[in-house]
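1. following is a predicted model, sequence given first.
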Amino acid sequence: MITSDFGKGFIYNLVLFCKHHDKALILYDTMLRIYPGDEKKAWEMALPLWFNGAGDHFYEFTVPDEYKDKPIGKLAEKLRREALGYRMIDKVTRAKFEQFHHEVEKLAMLIDKELGIKVVKAEWS
């Protein structure tokens, strides 16, 4: 079997990326011990580190050709650019982190809709 350091695929790489979500909290807890009482600073230090690791899964994130000019492809490419870009900047706010994950959820809903699945938004997401 051929392998890649961070995977190559569309849905597969989204899943690999999402598997890192809990590590953001671990990094935040670590940074909060370094910057006690400064939650903003702890997030600002933790989130770029998190995107540096989790964002690797966007290197070979592959949007299928049939979706490139559709909302799915446009959002997927936006997420790819942002994830790789957040690896390069010093400060990523918690709001940007949460917005990014909201857009990943939106992408998943668009894919389901394209596949003919009626999406019902989760109350607890």
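-> All right, it came through fine.
2. what packs against the longest helix along the chain?
-> Determined from DSSP state H, the single longest helix within the chain is helix 94-114. Secondary-structure packing of helix 94-114 (3 or more CB pairs under 8 Å, 6 or more residues apart in numbering; DSSP states H and E): helix 11-18, helix 39-54, helix 71-86. In short, each C-beta sits where N, CA and C put it, glycine included.
3. same for the lowest-mean-pLDDT helix or strand in the chain, what does it pack against?
-> None of the helices or strands of the chain scores lower by mean pLDDT, DSSP states H and E than helix 39-54, at a mean of 91. Here helix 39-54 touches helix 21-34, helix 71-86, helix 94-114, going by 3+ CB pairs under 8 Å, 6+ apart.
4. mind listing what's buried in it?
-> Within helix 39-54, the residues that qualify as buried by neighbour count (16 or more other CB atoms under 10 Å) are 42, 43, 44, 45, 46, 47, 48, 49, 50, 51, 54.
5. returning to what we had before: how about the helices and strands packed on helix 39-54 in JSON lines, adding mean pLDDT, distance to residue 63 and mean neighbour count?
-> Shown next, in JSON lines, are the helices and strands packed on helix 39-54 (pLDDT from 0 to 100; distance: least, CB to CB, whole Å; neighbours: other CB atoms under 10 Å):
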{"stretch": "helix 21-34", "mean pLDDT": "94", "distance to residue 63": "22", "mean neighbour count": "14"}
{"stretch": "helix 71-86", "mean pLDDT": "95", "distance to residue 63": "5", "mean neighbour count": "17"}
{"stretch": "helix 94-114", "mean pLDDT": "95", "distance to residue 63": "10", "mean neighbour count": "15"}
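6. now for these, which one comes closest to residue 59?
-> Shortest distance between residue 59 and the helices and strands packed on helix 39-54, using CB to CB, is found for helix 71-86: 7.5 Å.
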